[in-house]
Structure formats: structure tokens, C-alpha cells
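# Sequence and predicted structure, then a few things I'm wondering about:
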Amino acid sequence: MSKHSNIQSKIYSLPELQKAVSIWRFKSDKIVFTNGCFDLIHLGHIDYLSKASDLGNRLIIGLNTDSSVSKLKGEHRPIKDEHSRATILASFSFIDAVVLFNEDTPLTLIEEIKPDILVKGGDYKSEEIVGHDSVKENKGEVVILDFIEGYSSSKIEEKIKSDTKS
């Protein structure tokens, strides 16, 4: 298998992912789930995702589709299309699966996947995280990881805009 096809094989539809999750569960792998837009990958993302990966055996990323990102962030986003964003994430060795979702939240994905650990970054409280109740009902845990200060896609976008005006 070529390196490119190996990367592409980590991008799943939900039915394909459900089959993979069944196999991983059979092997007693601990499944970690997080989600986001991941539009402009930066050091904060790498730190967050690698730490999330360390919490279990398999890291699944729920990735907002282009239309979902536009609804959340505005019509000027995403900057990179969903195929590009999914391929970049799938290229990281510590990410096992990327699955796109078009809804406003990843609740349906979380309920279907039933991760052992649901991870978010920032200053959330566990009960504010979409899917926290579903994960806890399935005896999973919710983990909140700290962000590295000064790194955000929005700040990068603003810097690019201000630099092009000069």
C-alpha cells in the first residue's frame, strides 16, 4: 500500500467507521474522540491532538464539513476544503480515523461511535461539551485539555488579513 493510499484509508464514512470501531473494540482498544474544523493546522492543534491520542489506543476525529464550518465560522470559512483538511489530519501518525459530519454538532457521531474518552480543549466544563452525557451513560469519560496560549486559526486568519492590507 502506498503512503498516499494509507492516508486516504484513514478517512471514513460513518458506516465504514462503525465497522472499524467494532474491530478495535474486539481488540479491547480504548477509543478517543474529538472534533473540530481544523481549518489552519497550527502548533496548538498538534499539541492538543497528540495529547488526545495519548489517552487511548485509537484517536477518531469528527471533522466539520465545509458547509458546517461556514455555518459556524461565517461565509469566509473554511479556508481549506474538507478533503484537504481531512487528508492533512489523516496524515498524522497519531490519528487513526477522520470522519466528516455535516450537522451543527457531532452528537450523532458520538452516539454512534460511543467513545471511551471524549476530548475537548479549552476552558469548557464537562457538562457543556456536546455528547458528554452520552459518553458518561456508556461509562466513558470526558477529558478537557489545555490549549497552548496564542495559537488559534482565527488569530492566524486575522494576521494574514492585516499583513495583506499593509
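Received, thanks. Residues are numbered from 1 along each chain as shown.

# ranges for the strands of the protein?
Along the chain, counting by DSSP state E, strands occupy 11-12, 31-36, 58-64, 97-101, 117-121, 141-145.

# Generate a markdown table for the ones you listed, with mean pLDDT and mean neighbour count as supplementary columns.
In short, each C-beta sits where N, CA and C put it, glycine included. Converted to a markdown table, those look like this (pLDDT from 0 to 100; neighbours: other CB atoms under 10 Å):
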| stretch | mean pLDDT | mean neighbour count |
| --- | --- | --- |
| strand 11-12 | 98 | 20 |
| strand 31-36 | 97 | 24 |
| strand 58-64 | 97 | 25 |
| strand 97-101 | 98 | 22 |
| strand 117-121 | 95 | 22 |
| strand 141-145 | 95 | 17 |
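
# Please produce JSON lines containing those, extended by distance to residue 130.
Supplementary listing: the strands of the chain in JSON lines, determined by distance: least, CB to CB, whole Å:
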{"stretch": "strand 11-12", "distance to residue 130": "20"}
{"stretch": "strand 31-36", "distance to residue 130": "8"}
{"stretch": "strand 58-64", "distance to residue 130": "10"}
{"stretch": "strand 97-101", "distance to residue 130": "11"}
{"stretch": "strand 117-121", "distance to residue 130": "9"}
{"stretch": "strand 141-145", "distance to residue 130": "10"}
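
# Relative to residue 127, which of the ones you listed is closest?
Among the strands of the chain, strand 141-145 comes nearest to residue 127, with 8.6 Å by CB to CB.

# could you say what helices and strands that closest one packs with?
Packing partners of strand 141-145 (3 or more CB pairs under 8 Å, 6 or more residues apart in numbering; DSSP states H and E): helix 43-53, strand 117-121, helix 132-137.

# No further questions, thank you.
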